[in-house]
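Asker: no sequence on this one, just coordinates:
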């Protein structure tokens, strides 16, 4: 009886020990769970932080590369700007020297070689009728020029083909045309090769209208030739004074420029 009671007591004690151990395990388990809950958020924060740091390093590297490329480009543009500035300065210097040379040439051509050592209103070989100087190029037939060629020749002399904005200028052109044509007739060259064929003047058809080389429209109503494309005007020995011909024909020509004020 006593043995059974003792056994029962031992079993009860074992059950109580097991119950206590189970309770402690439950308590320990409950104590450790809150710590586990913080591990995952902390790990995520570290991952995000590392990602941000990696992205920052990458962007910093890219930005540094772009800055270096941009700086190189700026240096290249500055070099080009300096080169262009130098070229402009060189061209300006050359232009000034050319202007001085041309001015000296003009002074020499108007002033040197005159018997009275005085400057003339027109260069040698030019005829003065104020306010302009005229040069009549009475080239023989093989050396006559088209309208464009004649104009280039005048430009090479710092002038242009003659214009006639009023009756005075028109009469001057006609007078000198007759003078040179009459002179040629008494020469040994055939009449058809010279002034009776006409002298180019600075009048041609542009955009369906007769225009002077200075850009102004023809206002002389006495010249009513059709404004045909590719046609230019010559000064001829006729009542109408001018004639419309193809600009590709070859003729003599008249240059005109402003007379020097002396």
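Answerer: All right, it came through fine. Just so we're clear, the structure is a prediction, and the values are computed from it rather than from any experiment.
Asker: are we agreed that residue 133 is in a helix?
Answerer: No. Residue 133: not assigned to a helix; according to DSSP: H, G, I helix; E, B strand; the rest coil it is strand.
Asker: show me where this structure has its helices.
Answerer: With DSSP state H as the criterion, the chain has helices at 2-111, 147-155, 167-185.
Asker: what about the longest one, average pLDDT?
Answerer: By that I understand helix 2-111. Averaging pLDDT along helix 2-111 gives 73.
Asker: so where's the stretch 101-250 of the chain shaky on pLDDT?
Answerer: Residues of the stretch 101-250 of the chain meeting the criterion pLDDT under 70: 101-110, 112-117, 179-197, 238-240.
Asker: show me the contacts for residue 245.
Answerer: 198, 231-234, 251 (Cβ atoms under 8 Å, 6 or more residues apart in numbering). Placement of C-beta: from N, CA and C, glycine included.
Asker: only the buried residues of stretch 149-167, if you could.
Answerer: 150-151, 153-154, 159-164 (16 or more other Cβ atoms under 10 Å).
Asker: with stretch 247-256 instead?
Answerer: Quick answer for stretch 247-256 (16+ other Cβ under 10 Å): 247, 249-256.
Asker: can you check the distance spanned by stretch 157-172, start to finish?
Answerer: 20 Å (Cα to Cα, to the nearest Å).
Asker: give me the contact list for it.
Answerer: Contact with stretch 157-172 is made by 106, 129, 132-135, 147, 150-151, 154, 173, 200-203, 212-214, 216, 219-220, 235, 241, 253-257, as judged by Cβ under 8 Å, 6+ apart.
Asker: now, of those, which are buried?
Answerer: 129, 132-135, 147, 150-151, 154, 173, 200-203, 212-213, 235, 241, 253-257.
Asker: tell me which two of the buried residues of stretch 149-167 sit farthest apart.
Answerer: 153 and 164 (19.2 Å; Cβ to Cβ).
Asker: all strands for the stretch 101-250 of the chain, in order.
Answerer: 127-129, 132-137, 160-161, 199-206, 209-212, 231-235, 242-246 (DSSP state E, counting those that start in this stretch).
Asker: can you say which of those strands is nearest to residue 55?
Answerer: That would be, of these and by Cβ to Cβ, strand 199-206, which comes in at 68.2 Å.
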